[in-house]
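>>> how would this look folded up:
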Amino acid sequence: MSPNSEQCLEFFYYSEPKTQTGTLSVYSKSKSQTVNSLGTAVWSQQSVYDPNWKIAQVSLGHSIRNEPYQVIFEQYVPVDASGKLHNIYIDDVFLRDESCLPRGDCDFENGMCTWSSTN
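Residues are numbered from 1 along each chain as shown. Here you go, the predicted model:
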């Protein structure tokens, strides 16, 4: 990806039941960073089970310096006592050529922003 200015990465994530100690992280990695590096951490959230999908927005302009870059998602979820791995899922990943809106700032013309319906 080659940014012109600040960009907003938006995605939804969901933790399976019993995923109590997992972490979902997002990194931005430029071409100049080493091959073995995940890049620069730009977002991280420790998962706590919730029966609903959650939305995340990440501003990328401060970490990419106008050069091509990759976005990397990393999941860390330990195996539970029974040997089962519980996953964290992501969906509906969007990258917009604009700044992320402040939480709660939305005209609802282009979606729900960071709001969600309870019904």
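>>> switch to C-alpha atoms for all contacts and neighbour counts from now on
Will do.
>>> Who does the helix or strand containing Leu24 pair with, and is each partner parallel or antiparallel?
Using DSSP states H and E, Leu24 sits within strand 23-30. The pairing partners recorded for strand 23-30 under DSSP bridges are strand 40-46 (antiparallel), strand 69-76 (antiparallel).
>>> got TSV for these, with distance to Phe12 too?
Conversion of those to TSV gives the following (distance: least, C-alpha to C-alpha, whole Å):
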stretch	distance to Phe12
strand 40-46	12
strand 69-76	12
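>>> got a markdown table for the ones you listed, with mean neighbour count and distance to Arg96 too?
Listed next are these as a markdown table, based on neighbours: other C-alpha atoms under 10 Å; distance: least, C-alpha to C-alpha, whole Å:
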| stretch | mean neighbour count | distance to Arg96 |
| --- | --- | --- |
| strand 40-46 | 15 | 16 |
| strand 69-76 | 16 | 13 |
